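Student: Need a 3D model of the sequence below.
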Amino acid sequence: MNGALPFLLDLNSDKAHKTEAVCILLARLSYPNRNYDMMQRYQEIIYFQKRVCAERIQMYCDGVHACGAPMKNVFGFIDGTEIPVCRPCARPGKKENLQKQVYSGHKRVHCMNFQAVVVPDGLAIHCWGLMEGRRHDITMLRESKLADYMADHHDVFNGYIIYGDPAYGIQTFLVSGFKAARVSANEKKFNKMMSSVREAVEWKFGDLKTQFAFVDYENSLKIRLSLVGKLVSTLD
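Tutor: Okay, here's the model as predicted:
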């Protein structure tokens, strides 16, 4: 390796020591792994073009608006999904109630929760999880620190927002539909128009479970015995 690689590699304005370059290559070839994981681990070494990201976000906003959304600055849609898992058992000699932790009273199933942000072209630009099935979507949003990430990259996300169902409420970079005992006619119209557009995120989860049926078969996903989180996040 010492004779084959120069001391400092310089390719497309990315510079790295030969040892770092080999580590990056090996990390990319490891399984399971995502480009997002690479960015988080080697962000000080690999250069990422934020200008391209900003330009694409505007394209996403134009696409969402063209599909009928009344808002012109929504670039993606956030939602959570439940992945059913095999009913867990406590470890021998341990007083723990894993069944209660992962049981979703809403879905009435043992599951793990995941969160994703999907853009008009079908890409899941953000995927976070896993979290116990009893947790709410707003808890996942807080724990994922997605809002903090967007705030830290204000130069890219300034003026842009994501859209979610009313359970998410209103935040700096997130808006949701109207939810009240009495909703006006205009508010109902807004909810209906945005609901028809945000189906993209639901289709994404549906495609994941259809194309990779393994993740929708709870008997094959066993906590502590299989990499549930890694499998789902890698496929997304």
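Student: How is the protein partitioned into domains?
Tutor: Here the domain parsing of the chain from automatic domain parsing is 1-48, 49-235.
Student: want to throw these into CSV with mean neighbour count and mean pLDDT?
Tutor: C-beta coordinates here come from the backbone N, C-alpha and C atoms, glycine included. Below are the domains of the chain laid out as CSV (neighbours: other C-beta atoms under 10 Å; pLDDT from 0 to 100):
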stretch, mean neighbour count, mean pLDDT
domain 1-48, 12, 66
domain 49-235, 16, 80
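Student: Could you pull up the residues touching the residue lying closest to Glu82 once chain neighbours are set aside?
Tutor: Using C-beta to C-beta, 6 or more residues apart in numbering and skipping residues adjacent in sequence, the residue nearest Glu82 is Cys111, 4.0 Å away. Shown in contact with Cys111 (C-beta atoms under 8 Å, 6 or more residues apart in numbering): 82-85, 102-104, 133, 218.
Student: Helices - which of these land there?
Tutor: Among these, DSSP state H puts Val102 in helices.
Student: Let me see the ranges of the helices in the chain.
Tutor: Secondary structure of the chain (DSSP H): helices located at 18-29, 35-42, 50-66, 98-102, 137-144, 146-152, 154-157, 185-197, 199-211, 228-235.
Student: Make CSV from those helices and add distance to Cys89 to it.
Tutor: Supplementary listing: those in CSV, determined by distance: least, C-beta to C-beta, whole Å:
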stretch, distance to Cys89
helix 18-29, 34
helix 35-42, 30
helix 50-66, 44
helix 98-102, 7
helix 137-144, 25
helix 146-152, 33
helix 154-157, 43
helix 185-197, 40
helix 199-211, 25
helix 228-235, 15
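Student: His110 and Arg134: what is the separation?
Tutor: From His110 across to Arg134, the span is 10 Å (C-beta to C-beta, to the nearest Å).
Student: Brilliant, that's me finished.
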